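[1] I would like to see how this sequence folds:
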Amino acid sequence: MGAVVGGLVLLNLATVMYSVLLIPAQTEPDPFGQFAWLRQQLGEAAALNKTVWIVGHIPPGLETYGYTELWQPMYVKSYLDIVQDPILGKAIAAQLFGHNHKDEFRLLPAAPDGAGPVLVSSSISPVYDNNPSFKLVEYCPSTGKLLGFKVFYTELPRGDKKPEWRFGYDLLESYNTLQGSVAAGGGGLRQLDVEAFARTLSLGLDDWATYAKWYATDIRNALMDYTAVPEDTEEEANYKLIRRRQYLCGIIISDQEAFESCAAGVFRQWIAEEQQQRQQLQQLQQSKHQLKHHLEQQLVQQNQQLLTADGSDLVGFVRWVRGSAREDEAFKISRLVHWAKLAAPSPVAEEALKAAASRDLPSLRRLAVASAGPLRSADASGRDLGRPAA
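    Have a look, this model is predicted:
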């Protein structure tokens, strides 16, 4: 039953074959019979009341820089059918992946009772804007449950200096929510605990700030700019909330279409809340502020039009751009169009959406290059391009 390392049973999957970037692309429903093998191994473990760890390189789902899918959708579905099985899923104490050079969790859409966490680790290689790091994982040798981990890292040395490795953070000591959940759950980290942790992250408070700090191993990144602070204006607070919820949609193991639907749902919810607030404001101030009432009605109408956009049109576009442009260009163009979809109206956003709709790759390339700096500034300030300063 798999490979036994340190008392753990490890099931190692070759996940590169499921990649959307694999050339030539796989078309077999189960390349090399790995899914059948995985189902058999988990069945044997469940029958013996044993637990296993699944290990692979490319994680299922999306990466969270440009929010593009990593596996072909049919393989995501096949994998979820196995790991979310009520019997087989309970035998999985943990799932460990890498590839993205970011320190993250992943969420199962419908985790079975007792399922362990899904971790995505950063890397020793610093080529994707991260400091080198590794994890020291702690587990129970008798149950195979993951108890926690510590991260060690080094800043990139300059010149001929050698790396100086140091302690980064301890999972349970850094996150009180997880510490309490693990203690209540019998000593092992569960997918259920990570789901509760994700709800805490959505608030944008201390846990989010810590998570963002270590997302790229103590290197400045966009997630840091979505931390809620007392000085936020209402506009800035709403912007950050949308971006945090968009990120949480991105860590759910799904395909591109499901992600776009989740992200669009976040936007619809925000619009609905905005509409409700405006309606209450209108009832209180209608007699005194007729002009303001008129302008807000126009905004409501615009929001109602946005409310009908479920994001499905982005699915085909993202897949088209990944097949038409280089990988680095596709990331930048995808980020640009996702931003334009959520941004306040502006000439840049309007031009980007028109170019996306007409599949105008030269214009998209030009806009992605021209907007790279302003987009970073927009993330840093919590505002969209073209949105006036508060």
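[2] Residue 65 contacts residue 332, doesn't it?
    No: using CB atoms under 8 Å, residue 65 is not in contact with residue 332, being 9.7 Å away. Quick note: C-beta positions are derived from backbone N, CA and C, even for glycine.
[3] who's more crowded, those two?
    residue 332 (22 against 19; other CB atoms under 10 Å).
[4] Check which element follows the least confident helix or strand in the chain by mean pLDDT along the chain.
    For the chain, using mean pLDDT, DSSP states H and E, the weakest element among its helices and strands is helix 290-307, scoring a mean of 47. Following helix 290-307 in sequence order, the next helix or strand is helix 312-324 (DSSP states H and E).
[5] From the chain's centroid, how far away is that following helix?
    Centroid separation for helix 312-324 versus its chain: 18 Å, with CA atoms, centre = their mean, to the nearest Å.
[6] got it, and stretch 190-208?
    The answer for stretch 190-208 is 13 Å, by CA atoms, centre = their mean.
[7] Please spell out which residues along that stretch are buried.
    For stretch 190-208, burial by neighbour count (16 or more other CB atoms under 10 Å) applies to 190, 191, 192, 193, 194, 197, 198, 200, 201, 204, 207, 208.
[8] what's the model's confidence in that stretch, averaged?
    Stretch 190-208 shows a mean pLDDT of 94.
[9] got it, and stretch 51-62?
    The model assigns stretch 51-62 a mean pLDDT of 97.
[10] Can you give the distance of it from its chain's centre?
    15 Å.
[11] With stretch 23-42 instead?
    The answer for stretch 23-42 is 25 Å, by CA atoms, centre = their mean.
[12] Please apply the same query to stretch 39-46.
    On CA atoms, centre = their mean, the centre of stretch 39-46 falls 29 Å from that of its chain.
[13] repeat for stretch 354-366
    Counting by CA atoms, centre = their mean, stretch 354-366 comes out at 25 Å from the chain centroid.
[14] CA atoms only for it, dumped as PDB, please.
    Extracted C-alpha coordinates of stretch 354-366, given in PDB (Å, rounded to 0.1, in the frame of the first residue of the first chain):
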ATOM      1  CA  LYS A 354     -13.700  45.300 -25.500                       C
ATOM      2  CA  ALA A 355     -10.400  43.700 -26.500                       C
ATOM      3  CA  ALA A 356     -11.300  40.600 -24.500                       C
ATOM      4  CA  ALA A 357     -14.700  40.300 -26.200                       C
ATOM      5  CA  SER A 358     -13.200  40.600 -29.700                       C
ATOM      6  CA  ARG A 359     -10.300  38.300 -28.900                       C
ATOM      7  CA  ASP A 360      -7.900  41.100 -29.900                       C
ATOM      8  CA  LEU A 361      -4.600  39.600 -28.700                       C
ATOM      9  CA  PRO A 362      -2.300  42.500 -29.800                       C
ATOM     10  CA  SER A 363      -4.400  45.100 -27.900                       C
ATOM     11  CA  LEU A 364      -4.600  42.800 -24.800                       C
ATOM     12  CA  ARG A 365      -0.800  42.400 -24.900                       C
ATOM     13  CA  ARG A 366      -0.300  46.200 -25.200                       C
END
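[15] Any chance you could list what contacts it?
    Outside of stretch 354-366, the residues within contact range by CB atoms under 8 Å, 6 or more residues apart in numbering are 313, 317, 320-321, 324-325, 329, 333, 336-337, 340, 351-352, 367.
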